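Chemist: have a look at this prediction, sequence included:
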Amino acid sequence: MSQVMDQKVQENLLARGFSRRHFSRILSVMGGAAALPFYNEAALAQTAASGGPYSEIPTDVVRINGNENPLGPCPEAVEAASKIVKYLNRYQPTNELDQFKVAVAESEGLKTENVAPFPGSSDPLHRITLAFTSPTRSLVMCEPGYEAASRAANFIGAKVNRIPLKADYSHDVKAMLAADPKAGLFYICNPNNPSGTVTPKADIEWLLMNKPKDSVLLLDEAYIHFSTAEMGSPWVAQGRDVIVLRTFSKAYGMAGLRVGMALGRPDLLAKMMPFGAGQSLPMTGIVAATASIKAEGLVPARRAANAKTREAVFNFLEQKKYSYIPSTTNFFMLEANRPGKEMAAAMVKEKILIGRTWPAWPTKVRVTIGSPEEMKRFQMALTKVMG
């Protein structure tokens, strides 16, 4: 297996503490990550459901389990994708990728060299994990947190340090640094998945100021558009040791089109690029993403729509005295007062498909904010299931 890996990549891995016995697993992530159970949110959800209550899903079930946006793509995105379909005999009909980079750079206050498009945000997340962690340089993250990076790190033989969230459900950045002062990668998902809570900018800035000079901060902002939290792109513009991940699967409602990006210094982006099998980017997704970025007022409108539905659900939960973690995103963690998987199975019988649990919170289950109509059905079913 190591013979098909670039010689420079092999030398890089050996210098970072990997042995040749690690190469086959690293190649698995580089070349076939999509087939691995930790690849992305959809894969993790499917793995959690395997052999469980989701084995046979009714056709009219309410699907509020995958953090998908019920609004779907905006009209501008649909129009752009529709127009390019007849030109898809070309890998890139004109200069769609360049247009995408320009649109992102202008909206984020960056240069086009700071923008690397990917098919979603899971691909770059795994590349970054391979590029900056090793048997001698650990990954540090919160607990509970989004698992894809940690599972990839464990898979290739890198140590993972999981630090419990603070009482306010933000990242404990001082404890993260203390866990491994020589860590290769510090991972902050902001807002965090699964808690849906925000870590203050000042805390993230502290970690950037105090982390080891040769380590990198990975800032996963998959759900940032649902929140009013400050984005990390200014740190990229300042040339800091940070890579920001974004996706068009959530607020932009294009999970099925697979578009995302990494924002960072050119040298950091260059280090992650060899750890993948190339970037197969669907042009329908690229033009839809570009159109979405340019759609005036789209993100504020969607943020407001999600917040309105979310607050209505929270009001219902408080009236019923059901415990939950206040979220700023399009999902929240609900206390089931029993194993979360049991509640999920009971909700399936009511034709409501909710999300998964985390080992650190076995009695909590994640619920996506769907449409107002879907959440009304959720509330009716929950009342019955909670008894």
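Modeler: Received, thanks.
Chemist: going forward, measure contacts and count neighbours with C-alpha atoms only.
Modeler: Will do.
Chemist: lowest-scoring secondary structure element of the protein by mean pLDDT?
Modeler: helix 41-49 (a mean of 54; mean pLDDT, DSSP states H and E).
Chemist: which elements pack onto whatever helix or strand comes next after that helix?
Modeler: Once helix 41-49 ends, the next helix or strand along the chain (criterion: DSSP states H and E) is strand 62-64. Other elements packing on strand 62-64 under the criterion 3 or more Cα pairs under 8 Å, 6 or more residues apart in numbering; DSSP states H and E are strand 352-354, helix 372-386.
Chemist: pick the most deeply packed of these.
Modeler: strand 352-354 (a mean of 25; mean count of other Cα atoms under 10 Å).
Chemist: what does that strand rub up against?
Modeler: Identification of contacts with strand 352-354 by Cα atoms under 8 Å, 6 or more residues apart in numbering yields 54, 61-65, 344, 347-348, 365-368, 377-378, 381.
Chemist: now residue 365: which helix or strand?
Modeler: strand 364-368.
Chemist: average model confidence for that strand?
Modeler: What strand 364-368 shows for mean pLDDT is 97.
Chemist: now stretch 256-271
Modeler: 95.
Chemist: any idea how far it is from the chain center?
Modeler: 13 Å (Cα atoms, centre = their mean, to the nearest Å).
Chemist: dump it to CSV, restricted to CA.
Modeler: Extracted C-alpha coordinates of stretch 256-271, given in CSV (Å, rounded to 0.1, in the frame of the first residue of the first chain):
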residue,chain,number,x,y,z
GLY,A,256,-27.1,16.7,-1.1
LEU,A,257,-24.9,18.9,-3.3
ARG,A,258,-21.8,18.5,-1.3
VAL,A,259,-20.0,21.9,-1.2
GLY,A,260,-17.8,23.2,1.5
MET,A,261,-14.5,25.0,2.0
ALA,A,262,-11.4,25.4,4.1
LEU,A,263,-10.2,29.0,4.8
GLY,A,264,-6.6,29.4,5.9
ARG,A,265,-3.1,30.6,5.1
PRO,A,266,-1.8,29.3,1.8
ASP,A,267,1.0,27.3,3.5
LEU,A,268,-1.4,25.6,5.9
LEU,A,269,-3.8,24.7,3.1
ALA,A,270,-0.8,23.4,1.1
LYS,A,271,0.1,21.0,4.0
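Chemist: domain-wise, how is this structure divided?
Modeler: Per automatic domain parsing, the structural domains of the chain span 2-26+74-294, 41-72+298-386.
Chemist: so among the contacts of strand 352-354, which ones count as buried?
Modeler: Of the members of the contacts of strand 352-354, the ones counted as buried by neighbours, 16 or more other Cα atoms under 10 Å, are 54, 62-65, 344, 347-348, 365-368, 378, 381.
Chemist: related to what we said a few turns ago, among the helices and strands packed on strand 62-64, which is nearest residue 103?
Modeler: Of all the helices and strands packed on strand 62-64, helix 372-386 sits nearest to residue 103, with 32.1 Å by Cα to Cα.
Chemist: any chance you could map the strands in the stretch 1-150 of the chain?
Modeler: Assigned strands in the stretch 1-150 of the chain, in chain order: 62-64, 115-118, 139-143 (criterion: DSSP state E, counting those that start in this stretch).
Chemist: which among these is found nearest to residue 236?
Modeler: strand 115-118 (10.0 Å).
Chemist: the closest one - contacts with which helices or strands?
Modeler: So strand 115-118, by 3+ Cα pairs under 8 Å, 6+ apart, packs with helix 96-108, strand 260-263.
Chemist: reformat the helices and strands packed on strand 62-64 as TSV; add distance to residue 160.
Modeler: Shown next, in TSV, are the helices and strands packed on strand 62-64 (distance: least, Cα to Cα, whole Å):
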stretch	distance to residue 160
strand 352-354	28
helix 372-386	36
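Chemist: which one of those lies closest to residue 140?
Modeler: So among these, strand 352-354 is nearest, using Cα to Cα, at 28.6 Å.
Chemist: so what strands line up beside that closest one?
Modeler: According to DSSP bridges, strand 352-354 forms sheet pairs with strand 62-64 (parallel).
Chemist: what does the strand it pairs with rub up against?
Modeler: 351-355, 367-370, 374, 377-378.
Chemist: in the helix or strand hosting residue 235, what counts as buried?
Modeler: Element membership of residue 235, judged by DSSP H and E, is helix 233-237. Within helix 233-237, the residues scored as buried using 16+ other Cα under 10 Å are 233, 235-237.
Chemist: so what strands line up beside the following helix or strand past it?
Modeler: Next in sequence after helix 233-237, counting helices and strands by DSSP H and E, comes strand 242-247. Sheet pairing here is set by DSSP bridges, and for strand 242-247 it gives strand 216-220 (parallel), strand 260-263 (antiparallel).
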